[in-house]
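A.B. asks: Pasting the sequence and the predicted coordinates here, then a few questions.
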Amino acid sequence: MNELVFFINNVVVAGSVSGSIYAIGAVGVTLIFSIMRFAHFAHADVMTFGALMVLLLSTAFPAAGASIGIPTALIMLPLAMVLTAALAVGIDKVFYKPLRAHGVKPIVMVIGSLGVTLILQGLIRLFAGTGGQSLYVDDRKEIFRLALPFEDVRVPVVITEPQLYLFVITLVAVIALHLFLNRSRLGKAMRAMSDNPELAQASGINTNLIVAVTWVIAGGLAAIAGTLLSLDVTFKPDLSFFLLLPIFAAAIVGGVGHPYGAIAGGFVVGFAESLAVFNWNILLRPFRDSFPAWLELPTDLAFVSTEYKIVVPFFILVAILIWRPTGLFKGKVI
Amino acid sequence: MTPIIEVQQVNKAFGGLRVINDCSIQVAKGSITGMIGPNGAGKSTLFNLIAGALMPDSGRVLLEGEDITALSPDARFHKGLLRTFQIAHEFSHMSALENLMMVPPDQPGETLFTTWFKPGRVRAHDAEVRRRALEVIDFIGLYHVRNELAGNLSGGQKKLLELGRTMMTDAKVVLLDEIAAGVNRTLLGDLIGNIKRLNQEMGYTFLVIEHDMDMIAQLCDPVIVLAQGSVMMEGHIDDVQNNPEVIEAYFGGSAA
């Protein structure tokens, strides 16, 4: 039983954590693609930027959280979402809009977004330095140990406070997005524009407004994902390196342009990662006695070691592109 | 005659190709004006310039005397200038009915504020829009396929849906780009009847590009003939059809 708890801690919890973060990031990538038809490579840096905003705000007002009893970082999150959304809209105005106005090919936009990546990485290092920093500026990270009610289980299920917030916020964000896309006129207009931009305009839909709304949503979600990841581990200026591949893998697995697919894709990638780095020896250990004597199990039975975790989304990406290039769900239209 | 649309000395070139050449036209309010011309005469380009999908290199476009040259297609839509597409466009992942329901302008659901803070008002308006969409879809004879995804409709049905879209809102001018192409003869009769009804009962002005001379003859007066990016002649269909210059341009030879 202890081994099972180990599995829950290292695969179920860890997979849900990274899955949620990838899912929220991938939704942004996929929305941007479905409206503007290009892969926004700077998205992972927008996520890092969101976390940086929380870091700066929490450093400025470290005591804000203690008075209410939740971490300061979470109080600052809405403000950081607004700032990040503003950044995303601003980037679009300055860099992408002129390109769109000239009717360039999508690949030019992609290269443009690589340029934005470099700018953002420089900016983030300018303000945050190159080292890692905790987003828990002035509060303590609570850790919950849930002992299971079985006699021989000594290992508790461990969930940290930021992980709990992560699950709740992800759930709220996904439901809010679903209601927005399917119930609101603006959300329907977004779906219409992703389906047929020319007709959307001829039907009186203000496509400039839709583009701005898309950046606001993608930017706000990016701030959530970046912040929650930084809360769970630490804030690092090169966070985006570890996010870029998984979120693109997630978006592609889900079928690009398909928000629900991106959410599913995020969890597929997250769980694949944690399953791949899990040491399977632990689960086999209780059955050691029934193995033939000549079979000596190595102590480390993980598919890849933790340092090489990043190959997992890479492998998923390659596999999907070879065997199912449209993604698990057919993409292109919201 | 009061012109509702005026195109004044418009030029448009694609690369080195001058497609619209110092072209000026006027569309009378309340008329069904036809536009004909050989392939490559610039009819669709002129349409796109009027609808705002293209910007002219020079010249002006006026709607009821107001300069709309710089407005985007959606802004022109809200001024009552609607268009259909030569190759029928549809929101393929929405049902036929939802396609129509996308159209009505100035819904309260338009702003983020009303979406989240006045859901009751949005719902009431949605119900009203739905009622109108059901009327329109019945009118254009697509009631039986209202819940089909628009992408699965036949080419002719998509064309009818295009016409239906223009009926969802109170249009002043509707640009019809080869609305009859791909529509079978029976439906075509309905289509012509519907256009005439909208013209007489609702006061819509139509500008119609059409290759089908029968349809032009039944529907349009006057007819503008476009050739090489400018107006060759304008007049009643009988005069146009008997004009030797037009016959020359159309058939590349004399009628004799």
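C.D. replies: Received it, and whenever you're ready, just let me know what you need. No experiment lies behind these values; they were computed from the predicted model shown.
A.B. asks: can we go C-alpha only for contacts and neighbour counts from here?
C.D. replies: OK.
A.B. asks: At which residues are the helices of the chain located?
C.D. replies: No chain in the question, so chain A it is. A:2-7, A:14-36, A:43-60, A:72-91, A:97-101, A:106-128, A:161-183, A:185-195, A:197-202, A:207-232, A:239-253, A:259-277, A:281-284, A:311-323 (DSSP state H).
A.B. asks: To clarify, I was referring to chain B.
C.D. replies: Using DSSP H, the helices of chain B run over B:43-51, B:73-78, B:96-101, B:112-117, B:119-139, B:155-167, B:185-201, B:213-219, B:237-241, B:244-251.
A.B. asks: Can you pull out the low-pLDDT segments for the chain?
C.D. replies: Just so you know, I chose chain A. Scanning chain A for pLDDT under 70 picks out A:138-139, A:330-334.
A.B. asks: oops, chain B please
C.D. replies: Across chain B, the stretches falling below the confidence threshold (pLDDT under 70) are B:105-119, B:122, B:251-256.
A.B. asks: run the last query once more with 50
C.D. replies: Counting by pLDDT under 50, chain B shows low-confidence ranges at B:108-109, B:254-256.
A.B. asks: Can you name the residue of it nearest chain A?
C.D. replies: Across chain B, no residue is closer to chain A than residue B:74, which sits at 4.0 Å (C-alpha to the nearest C-alpha).
A.B. asks: on that earlier part again, I'd like the helices of chain A laid out as CSV, including mean neighbour count and distance to chain B.
C.D. replies: Shown next, in CSV, are these (neighbours: other C-alpha atoms under 10 Å in any protein chain shown; distance: least, C-alpha to the nearest C-alpha, whole Å):
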stretch, mean neighbour count, distance to chain B
helix A:2-7, 18, 42
helix A:14-36, 28, 13
helix A:43-60, 26, 23
helix A:72-91, 21, 15
helix A:97-101, 14, 12
helix A:106-128, 17, 20
helix A:161-183, 16, 9
helix A:185-195, 24, 5
helix A:197-202, 23, 5
helix A:207-232, 25, 8
helix A:239-253, 26, 20
helix A:259-277, 25, 15
helix A:281-284, 16, 46
helix A:311-323, 16, 24
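A.B. asks: Can you check which of these gets nearest to residue A:305?
C.D. replies: Distance to residue A:305, taken as C-alpha to C-alpha, is lowest for helix A:259-277 among those, at 5.6 Å.
A.B. asks: From the contact counts, what lies against that closest one?
C.D. replies: Counting contacts by 3 or more C-alpha pairs under 8 Å, 6 or more residues apart in numbering or on different chains; DSSP states H and E, the secondary-structure elements packed against helix A:259-277 are helix A:14-36, helix A:239-253, helix A:311-323.
A.B. asks: how about these, which one is nearest residue B:169?
C.D. replies: With respect to residue B:169, and counting by C-alpha to C-alpha, the nearest of the helices and strands packed on helix A:259-277 is helix A:14-36 at 25.5 Å.
A.B. asks: Dead centre of chain B: give me the residue that sits there.
C.D. replies: With distances taken as C-alpha atoms, centre = their mean, the residue of chain B nearest its centroid is residue B:175 (2.1 Å).
A.B. asks: Next up, the contacts around the closest residue to that one other than its chain neighbours.
C.D. replies: Of all residues not flanking residue B:175 in the chain, residue B:83 sits nearest, at 4.4 Å (C-alpha to C-alpha, 6 or more residues apart in numbering or on different chains). Shown in contact with residue B:83 (C-alpha atoms under 8 Å, 6 or more residues apart in numbering or on different chains): A:202, B:51, B:166, B:174-177.
A.B. asks: Next one: residue A:28 from residue B:99, what distance?
C.D. replies: Taking C-alpha to C-alpha, to the nearest Å as the measure, residue A:28 falls 26 Å from residue B:99.
A.B. asks: that older thread, now the helices of chain B as a markdown table including mean neighbour count?
C.D. replies: Formatted as a markdown table, the entries for those read as follows, by neighbours: other C-alpha atoms under 10 Å in any protein chain shown:
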| stretch | mean neighbour count |
| --- | --- |
| helix B:43-51 | 23 |
| helix B:73-78 | 24 |
| helix B:96-101 | 24 |
| helix B:112-117 | 14 |
| helix B:119-139 | 17 |
| helix B:155-167 | 24 |
| helix B:185-201 | 15 |
| helix B:213-219 | 15 |
| helix B:237-241 | 16 |
| helix B:244-251 | 16 |
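A.B. asks: To residue A:275, which of those helices lies closest?
C.D. replies: Each of the helices of chain B has some distance to residue A:275 by C-alpha to C-alpha; the shortest is helix B:112-117, at 40.5 Å.
A.B. asks: Quick one: residues contacting residue A:76.
C.D. replies: A:54, A:57-58.
A.B. asks: Now for residue B:212, how many residues are close by?
C.D. replies: For residue B:212, the count of nearby residues is 12 (other C-alpha atoms under 10 Å in any protein chain shown).
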